[in-house]
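*Asks:* what follows is a protein structure lacking sequence information:
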C-alpha cells in the first residue's frame with residue numbers, strides 16, 4: 001500500500017500518500033468569531049453530538065446524535081452501505097475488475113486533514129509521520145495490504161469552497177498524484193472527507209432556518225459538501241462511499257481561522273447532509289440545502305469517526321482535547337506528538353470495525369467479484 005503524495009504551493013512532492021420541505025435549523029444570525037477565541041466555555045451547551053440525551057437540543061432547537069434520535073444508522077441506509085461495500089473490489093486503471101487491480105481510497109480536504117492523514121516530515125521522506133492515519137494503516141497487519149491504496153489528496157488552505165469544482169485545480173492535482181503512483185481516478189471507490197471554511201461569520205441561533213441561500217456558516221457548509229459529493233462523483237466515476245468527518249475542538253484557537261462554535265456546528269452540517277440523503281432515498285423531495293444526493297449523482301454518504309469533544313471535558317468515551325494536543329502557532333491544527341495520533345487512533349478503530357469498510361481489513365474481501 002503506497003502511503004501518500006503531498007502537494008504544496010502547486011508542486012507535487014512524492015510521498016505516500018426526512019422528508020423536510022423546510023428544515024428549521026436554529027442558527028444565529030451572527031456571532032462573530034473574534035468574540036470566541038478564548039474558549040468554548042463561553043458558549044453554553046456544547047455537547048458532543050454523540051453524547052446528547054434524548055430530547056436534548058442545541059440552542060433549544062437542534063437535535064443531537066449522529067442520526068435521527070440515535071447514533072445508530074437507520075436500517076435502510078445501513079443496508080445500502082453494506083451493498084455498496086460489497087461492490088468494492090480491485091480495479092485496473094480503466095476501472096475494470098482485475099486481480100492485479102487496486103482499491104483506491106482518497107482523502108480530500110484542508111490542512112488539518114492532510115496533517116492527520118499523513119503529515120510527511122521531512123517532505124523528502126517517502127513515509128508518513130508515525131502518528132498519522134496512513135502510517136498506522138500501512139504498519140498494521142490487520143489492514144488490507146494486498147490491494148488497498150490510501151492516497152492523501154488533501155492540501156493546506158484548500159477549504160471546502162475550493163473543492164466545489166476544479167477551478168482551483170484540486171481534483172486535477174489529485175489525479176496527478178494518482179497517476180504518479182500508477183493509479184487512476186477510475187480506481188477510486190471511497191472518499192474520506194473533512195474540511196472547513198476560513199473566517200466564518202455567522203453561527204447558529206434558535207431562529208435560524210437553512211435555505212439554499214442562507215448565510216449561516218453551517219448551512220453554507222452543508223450546501224458545499226453536497227456539491228462536493230456530486231462533483232467528486234463525476235471526477236471519480238466508480239466512487240461508491242463517502243465518509244464525512246468533523247473538526248476537532250477549536251476552543252483554544254488564537255486566530256479566527258475557524259474557531260468555536262463553528263468547528264462544533266460543522267458536525268450539525270454533516271448530520272443534516274447525511275439525513276438529507278437518507279430522506280431522499282426513502283422518497284422525500286430533494287433537500288433544498290444539500291441538493292440532489294441520489295445514488296445516480298452522489299456516493300453513499302455516512303459518518304466516519306466523530307472527532308469533536310468539548311476541550312478538556314471528556315466525552316462519554318473519554319476523548320478530550322487539551323492545549324498540548326495542538327500546534328502552538330495557532331492552537332487550531334493538531335500537533336504531531338499528541339493531536340495527530342488521537343485522530344489517527346479514532347480512524348483506525350472505526351475503519352477496522354465498521355461493517356461498511358471490509359475493504360480496509362485484511363480479513364475483508366479483497367478479491368474480484370463474480
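*Replies:* Looks like it came in fine. The structure displayed is predicted, hence computed values, not measured ones.

*Asks:* need the contact list for residue 245.
*Replies:* Residues in contact with residue 245 (Cβ atoms under 8 Å, 6 or more residues apart in numbering) are 113, 192, 193, 194, 270, 304, 305, 306, 307. C-betas here are computed from N, CA, C, even on glycine.

*Asks:* ignore what I typed, I meant residue 342.
*Replies:* 248, 319, 321, 325, 334.

*Asks:* swap in residue 351?
*Replies:* With contact set as Cβ under 8 Å, 6+ apart, residue 351 has these partners: 137, 304, 357, 360.

*Asks:* flag the shaky bits of the protein, pLDDT-wise.
*Replies:* In the predicted model of the chain, residues 1-45, 120-126, 365-370 satisfy pLDDT under 70.

*Asks:* could you pull out the helices in it for me?
*Replies:* Counting by DSSP state H, the chain has helices at residues 75-87, 111-117, 133-138, 170-180, 217-235, 262-281, 339-353.

*Asks:* so which other helices or strands are in contact with the third one?
*Replies:* Using 3 or more Cβ pairs under 8 Å, 6 or more residues apart in numbering; DSSP states H and E as the contact criterion, the secondary-structure elements in contact with helix 133-138 are helix 111-117, strand 148-152, helix 339-353.

*Asks:* quick one on the thing from earlier: including distance to residue 131, could the contacts of residue 342 go into a markdown table?
*Replies:* Output for those, formatted as a markdown table (distance: Cβ to Cβ, whole Å):
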| residue | distance to residue 131 |
| --- | --- |
| 248 | 14 |
| 319 | 16 |
| 321 | 15 |
| 325 | 11 |
| 334 | 9 |
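
*Asks:* thinking again about what came up before, which of the contacts of residue 245 sit farthest apart?
*Replies:* 113 and 306 (15.0 Å; Cβ to Cβ).

*Asks:* quick one: which of the two has more around it?
*Replies:* Taking neighbours as other Cβ atoms under 10 Å, residue 113 and residue 306 compare with residue 113 leading, 26 against 23.

*Asks:* pretty sure that one contacts residue 191?
*Replies:* No - with contacts counted by Cβ atoms under 8 Å, residue 113 stays clear of residue 191, the gap being 11.5 Å.

*Asks:* hey, what's in contact with both of these two?
*Replies:* Common contact partners of residue 113 and residue 191 (Cβ under 8 Å, 6+ apart): residue 107.

*Asks:* ok so, going back, can I get the helices of the chain in TSV with distance to residue 66?
*Replies:* Compiled in TSV, those are given as follows (distance: least, Cβ to Cβ, whole Å):
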stretch	distance to residue 66
helix 75-87	11
helix 111-117	19
helix 133-138	20
helix 170-180	27
helix 217-235	15
helix 262-281	6
helix 339-353	12
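
*Asks:* out of those, nearest to residue 47?
*Replies:* Relative to residue 47, the nearest member of the helices of the chain by Cβ to Cβ is helix 262-281, separated by 9.2 Å.

*Asks:* other SSEs contacting that closest one?
*Replies:* helix 75-87, helix 217-235, strand 241-244, strand 300-303.

*Asks:* residue 285: neighbouring residues, count only.
*Replies:* If we define neighbours as other Cβ under 10 Å, then residue 285 has 10 of them.

*Asks:* dihedrals phi and psi, it?
*Replies:* The phi/psi pair for residue 285 (degrees, to the nearest 10) reads phi -60, psi 160.

*Asks:* gap between it and residue 56?
*Replies:* 29 Å (Cβ to Cβ, to the nearest Å).

*Asks:* now swap in residue 203 and tell me
*Replies:* Counting by Cβ to Cβ, the gap from residue 203 to residue 56 is 19 Å.

*Asks:* looking at those two, which one has more neighbours?
*Replies:* Remark: of residue 203 and residue 56, residue 203 carries more neighbours, 25 against 14, as counted by other Cβ under 10 Å.

*Asks:* looks like that one contacts residue 262 (just checking).
*Replies:* Yes - the pair residue 203 and residue 262 passes the contact test of Cβ under 8 Å, sitting 6.2 Å apart.

*Asks:* mind listing the shared neighbours of those two?
*Replies:* Taking Cβ under 8 Å, 6+ apart as the criterion, residue 203 and residue 262 both touch 217, 218.

*Asks:* grab the nearest non-local neighbour of residue 184.
*Replies:* Nearest residue to residue 184 in three dimensions, chain neighbours excluded: residue 93, at 4.2 Å (Cβ to Cβ, 6 or more residues apart in numbering).
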